[in-house]
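Chemist: Quick one, fold the following:
(one chain, ligands or ions: 2)
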Amino acid sequence: MTIFVSPRIKLAVKREGKEKTLIRVGELLVGGEKVIVIAGPCSVESREQILETARSVRLSGASMLRGGAFKPRTLPYSFQGLGEEGLKLLAEAREETGLPVVTEVMAPQDVKTVEAYTDILQIGARNMQNFPLLKRVAGSAKPVLLKRGFSSTIEEWLGAAEYILHGGNQDVILCERGIRTFTKLTRFTLDVTAVPLVKNLSHLPVIVDPSHGTGHSSLVSPMAKAAIAAGADGLMIEVHPNPEEAKSDGIQSITTEEFQKLMKDIYPVATAVGRRL
Ligand code: PEP
Ligand code: MN
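Modeler: Ligands and ions are numbered 1, 2, ... in the order given. Next comes the predicted model:
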């Protein structure tokens, strides 16, 4: 049985001649046979921290580096990110390792600064329906990684992608990052079902973030495997050299050693579903 979405969603859905969008980021293709693994800390905290993480995840086989410089935090007392200084550190890490960089932009007025340093603009879950921000990144030449809002339906998520496509930016990567449910033992519930569902409906690449999706480091590798088995085009994984000292999301961050193991663990799953790492 086909699952139908609102006919008013036009650009984000598959149609004749538009079955699959491949997004070029440097030498990488997102949405192709290769599963793209984006790894790095929740927040860029210092030069040593981001460089050490970048070097290590690259050696383990990551495709891109992540790290937040502008952080959406629940409380104003929490670490808010290093801002432009953090962007400079990410650019330095890219320079040294060759890994393209993904970082979040929270406000339309910051897009110009963030796009000067990053390879991909991340729209966070809390901003999925920040329409002025969606319209602003629609005018950017950089690809956009659009996270699903944790209380958003799949149609609302595709509607947010529609804004970016409609505004002229065709390079949208969708990221499932967990939704709110009644469960208390995990931070969110990773909606793995969204992966095959959206891959059937949309031509856009879909990646999965099992770090925010679970909220616990011990659940990251098993759910990374589940995501790839379900057809995800990539993963976003929070990695920190010392999670206990992390300024944000330490509980869900895995160590560089655990990341190395995760890359080994997902390999047979990727191979089994006809993908490569
Ligand atoms: C993040 O990637 O660090 C982040 C804040 O994610 P989300 O927007 O999915 O909560
Ligand atoms: Mn985080």
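Chemist: going forward, measure contacts and count neighbours with C-alpha atoms only.
Modeler: Noted.
Chemist: Whatever residue of the stretch 151-277 of the chain ends up closest to ligand 1 - how many residues pack around it?
Modeler: Here the stretch 151-277 of the chain gets closest to ligand 1 at one residue, R177, 5.3 Å apart by CA to the nearest ligand atom. Residues lying near R177 (other CA atoms under 10 Å) number 26.
Chemist: Let me know the pLDDT of it.
Modeler: The score at R177 is 98. That number is its pLDDT.
Chemist: check contacts around it.
Modeler: Contacts for R177 were tallied using CA atoms under 8 Å, 6 or more residues apart in numbering; they are 125, 147-148, 150, 190-191, 208-213.
Chemist: tell me which residues in stretch 46-64 are buried?
Modeler: Taking 16 or more other CA atoms under 10 Å as the neighbour-count basis, stretch 46-64 is seen to contain the buried residues 47, 49-58, 60-64.
Chemist: So what touches that stretch?
Modeler: Here stretch 46-64 has contacts from 28, 36-41, 44, 65, 67, 86, 89-90, 93, 97, 99-102, 239-241, 256, 259-260, 263, 277, using CA under 8 Å, 6+ apart.
Chemist: so of these, which ones are in helices?
Modeler: Among the contacts of stretch 46-64, the residues falling in helices (DSSP state H) are 86, 89-90, 93, 97, 256, 259-260, 263.
Chemist: Flag every residue of the stretch 151-277 of the chain that's near ligand 1.
Modeler: Taking CA under 6 Å from any ligand atom as the criterion, the stretch 151-277 of the chain approaches ligand 1 at residues 177, 212.
Chemist: quick one: low-confidence ranges for the stretch 151-277 of the chain?
Modeler: Applying pLDDT under 70 to the stretch 151-277 of the chain flags no residue at all.
Chemist: where along it do the strands fall?
Modeler: Defined through DSSP state E, counting those that start in this stretch, the strands belonging to the stretch 151-277 of the chain, from first to last, are 172-176, 206-208, 234-238.
Chemist: At the contact with ligand 1, which residues of the stretch 1-150 of the chain appear?
Modeler: By the criterion of CA under 6 Å from any ligand atom, the positions of the stretch 1-150 of the chain lying close to ligand 1 are 42, 124-126, 147.
Chemist: and L158, what does it touch?
Modeler: Contact criterion CA under 8 Å, 6+ apart gives 9, 12 as the residues in contact with L158.
Chemist: tally of neighbours for W157?
Modeler: Residue crowding around W157 was assessed by other CA under 10 Å; the count is 23.
Chemist: quick revisit: make TSV from the strands of the stretch 151-277 of the chain and add distance to Q80 and mean neighbour count to it.
Modeler: Rendered in TSV, the data for the strands of the stretch 151-277 of the chain read as follows (distance: least, CA to CA, whole Å; neighbours: other CA atoms under 10 Å):
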stretch	distance to Q80	mean neighbour count
strand 172-176	22	28
strand 206-208	24	30
strand 234-238	17	27
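Chemist: now these in a markdown table, with distance to V114?
Modeler: Putting those into a markdown table (distance: least, CA to CA, whole Å) gives the following:
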| stretch | distance to V114 |
| --- | --- |
| strand 172-176 | 17 |
| strand 206-208 | 22 |
| strand 234-238 | 19 |
